[in-house]
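J.: requesting a structural model of the entry that follows:
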Amino acid sequence: MTEAAKTSRTLTGRVKSSKMDKTITVVVDRMVPHPVYGKYVRKSTRLHAHDENNECREGDIVTIEQSRPISKTKAWRLVKVVTRAQ
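T.: So this is what the prediction gives:
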């Protein structure tokens, strides 16, 4: 395997919900061009991530990385909190 293939996929997003135990919901926004008109449209994806220490709060900006499946809907884990919510 090459070195690039070993690195796991990382994303940065905003914590939408932290009400579950050891789980956060992260919203990842991206800009994609409209297929016909070319105008950039904001699309968002909601992902569940594993937060072992329950350290995140709603509104935090976090970095998550892909991991093995932890539960039915959770296959990402928290790497670090980039910015705390006010």
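J.: what's the burial count for the closest residue to Val32 other than its chain neighbours?
T.: Take Val32 and drop its neighbours on the chain: the residue closest to it by C-beta to C-beta, 6 or more residues apart in numbering is Lys43, 5.4 Å away. C-betas here are computed from N, CA, C, even on glycine. Lys43 has 10 neighbours, counted by other C-beta atoms under 10 Å.
J.: ok, Lys43 to Thr25 distance?
T.: Distance from Lys43 to Thr25, counting by C-beta to C-beta, to the nearest Å: 17 Å.
J.: ok, now Pro35?
T.: Where Thr25 is concerned, Pro35 sits at a distance of 28 Å (C-beta to C-beta).
J.: who's more crowded, these two?
T.: Neighbour totals were compared for Pro35 and Thr25, and Thr25 leads with 20 against 7 (other C-beta under 10 Å).
J.: what packs against the helix or strand where the residue nearest to Val32 lies?
T.: Using DSSP states H and E, the element containing Lys43 is strand 40-50. On a contact count with 3 or more C-beta pairs under 8 Å, 6 or more residues apart in numbering; DSSP states H and E, strand 40-50 meets strand 10-17, strand 23-33, strand 61-66, strand 74-83.
J.: so in that sheet, which strands flank that strand, and in what orientation?
T.: Sheet pairing of strand 40-50 (DSSP bridges) gives strand 23-33 (antiparallel), strand 74-83 (parallel).
J.: alright, I will stop here.
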